[in-house]
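Chemist: 3D model of this:
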Amino acid sequence: RREDGLSKYSKFLASKVASSGINAEYGETAASHINKYLQIDKKLISNIDDDVDGSFAVLKDAELRFINNLNNRFDSAVKENDEKGVDRFVKLYPLVGRREDGLSNYSKFLASKVASRGQHHLTNALKTSKDDKRWGVMFADTLTRLFEDTARIV
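Modeler: Have a look, this model is predicted:
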């Protein structure tokens, strides 16, 4: 009975993933379905029902399409400087078994933000006149602003 239930569950999950379209608007739903698929014991179900290979093929294809779409959407959010989008998409990586990819992508995003802000502050500091009363502590002020920005970003 349990085996029959698992077999039906895998087929149901395959149809849900296929019907959800794996598009970005329903990213959380699709990621949830893929997460459930990744938790299925494939060996147990394969021993029960030989017909599930087709279901697993559909699920694997959906997983790969979703990850490709997720990478594209994450990259677009980074290029558009859409921090909410970046946060939304980076949270989906662990759900689909790609925690390291998510951390790597998010780390690169944070590094680029910190570098950009650092360049901005340094450019402004170098424009400061030597006659300015803050000239002696200009670089200390610049570092302070960079640390504040970094804390805000992280």
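
Chemist: residue contacts, the residue sitting nearest the centre point of the chain?
Modeler: Against the mean C-alpha coordinate of the chain, by CA atoms, centre = their mean, the closest residue is residue 90 at 2.3 Å. With contact taken as CB atoms under 8 Å, 6 or more residues apart in numbering, residue 90 is in contact with 74, 102, 105, 106, 109. All C-beta atoms are positioned from the backbone trio N, CA, C, and that covers glycine.

Chemist: identify the residue spatially nearest to the fourth one, adjacent ones excluded.
Modeler: Here the nearest residue to residue 106 in space, its sequence neighbours aside, is residue 90; by CB to CB, 6 or more residues apart in numbering that works out to 4.7 Å.

Chemist: now that neighbour: how far from residue 84?
Modeler: 11 Å (CB to CB, to the nearest Å).

Chemist: residue 131 too?
Modeler: In terms of CB to CB, residue 131 sits 43 Å off from residue 84.

Chemist: and what of residue 154?
Modeler: 16 Å.

Chemist: break down the chain into its helices, ranges please.
Modeler: 2-20, 27-39, 42-48, 52-79, 83-90, 99-126, 138-153 (DSSP state H).

Chemist: other SSEs contacting the second one?
Modeler: Applying 3 or more CB pairs under 8 Å, 6 or more residues apart in numbering; DSSP states H and E, we find helix 27-39 packed against helix 2-20, helix 52-79.

Chemist: taking helix 52-79 as reference, get the angle to it.
Modeler: 140 degrees (axes from the mean of the first three to the mean of the last three CA atoms, to 10 degrees).

Chemist: ok so, going back, give me the pLDDT for the residue nearest to the centre of the chain.
Modeler: Note for residue 90: predicted pLDDT of 92.

Chemist: please apply the same query to residue 126.
Modeler: pLDDT at residue 126 comes out at 85.

Chemist: what's the neighbour count on it?
Modeler: 10 (other CB atoms under 10 Å).

Chemist: returning to that earlier point: for the contacts of residue 90, which two are the farthest from each other?
Modeler: Using CB to CB, the two most remote members of the contacts of residue 90 are 102 and 109, lying 10.5 Å apart.
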